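A.B. asks: task: produce atomic coordinates for the following.
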Amino acid sequence: MSRLGRPDRHGADPTGPEADDQVVRQYRYLLRTAPVDALEHVLVEALEVIGPDARQVVLTTVQAHLLTGAHLRSDDITALAHLCAAGERQRPGALTGTLPATTLHALAREAINSEAAFGLFGGYAAWDGSDPEPPPEHDDSEYGQRWHASLHTRDGNAPGMNGAFGGT
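C.D. replies: Residues are numbered from 1 along each chain as shown. Purely as a prediction, here's the structure:
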């Protein structure tokens, strides 16, 4: 059936597992492509609708897998939405891969049906479904050493300082 309640051309049931997979895929698309502020609005609307029990599951998952939000309560919807959006942007799949299926599907369904999501699906048909590469690991072993060394000339003065700090 289509979203309008009419049978679709394939006769698929919109509440079956195929529909859930499509809902989660559309939600993942939003997570990967929507501007962060728009994504936060989408998540606020979705978190309001899914109810306090499901919000508690989302909060517990955020606390366990993103190691943040220890001070939050499940009714701190705006802050929870911010953490969800930031967490998925920094580590794609951090929440979508760890939320229980029923909670993920409820959140995804409400997110893609929210008013704030309207207009955010441009390009969805061409999306290959892949997650972006995670950012490279940062090596702090030489924190600032090369940068600091490049600022100084052989005589110990910073370029352009003409000995202003004790050099000749």
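A.B. asks: which ones are touching the nearest residue to Thr103 once chain neighbours are set aside?
C.D. replies: The spatially closest residue to Thr103, leaving aside those adjacent along the chain, is Val57, at 4.6 Å (CB to CB, 6 or more residues apart in numbering). (C-beta placed from N, C-alpha, C; glycine too.) Contact analysis of Val57 by CB atoms under 8 Å, 6 or more residues apart in numbering lists Leu99, Pro100, Thr103.
A.B. asks: just those now: which is nearest Ser74?
C.D. replies: Thr103 (12.0 Å; CB to CB).
A.B. asks: could you give the number of residues near that closest one?
C.D. replies: 19 (other CB atoms under 10 Å).
A.B. asks: I'd say it and Gln56 touch.
C.D. replies: No. With contacts counted by CB atoms under 8 Å, Thr103 stays clear of Gln56, the gap being 9.5 Å.
A.B. asks: still on that earlier bit, just checking, which of the contacts of Val57 belong to helices?
C.D. replies: Cross-referencing these with the helices (criterion: DSSP state H) gives Thr103 as the overlap.
A.B. asks: just to revisit the earlier point, next, the residue nearest to Thr103: phi, psi?
C.D. replies: Main-chain torsions, Val57, degrees, to the nearest 10: phi -60, psi -40.
A.B. asks: helices or strands up against the lengthiest helix in the chain?
C.D. replies: With secondary structure taken from DSSP H, the chain has its longest helix at helix 17-33. Other elements packing on helix 17-33 under the criterion 3 or more CB pairs under 8 Å, 6 or more residues apart in numbering; DSSP states H and E are helix 36-50, helix 77-90, helix 101-112.
A.B. asks: run the angle between that helix and helix 36-50 for me.
C.D. replies: 140 degrees (axes from the mean of the first three to the mean of the last three CA atoms, to 10 degrees).
A.B. asks: list the buried residues of helix 17-33.
C.D. replies: When neighbours are counted by 16 or more other CB atoms under 10 Å, the buried residues of helix 17-33 are found to be Asp20, Val23, Val24, Gln26, Tyr27, Arg28, Tyr29, Leu30, Leu31, Arg32, Thr33.
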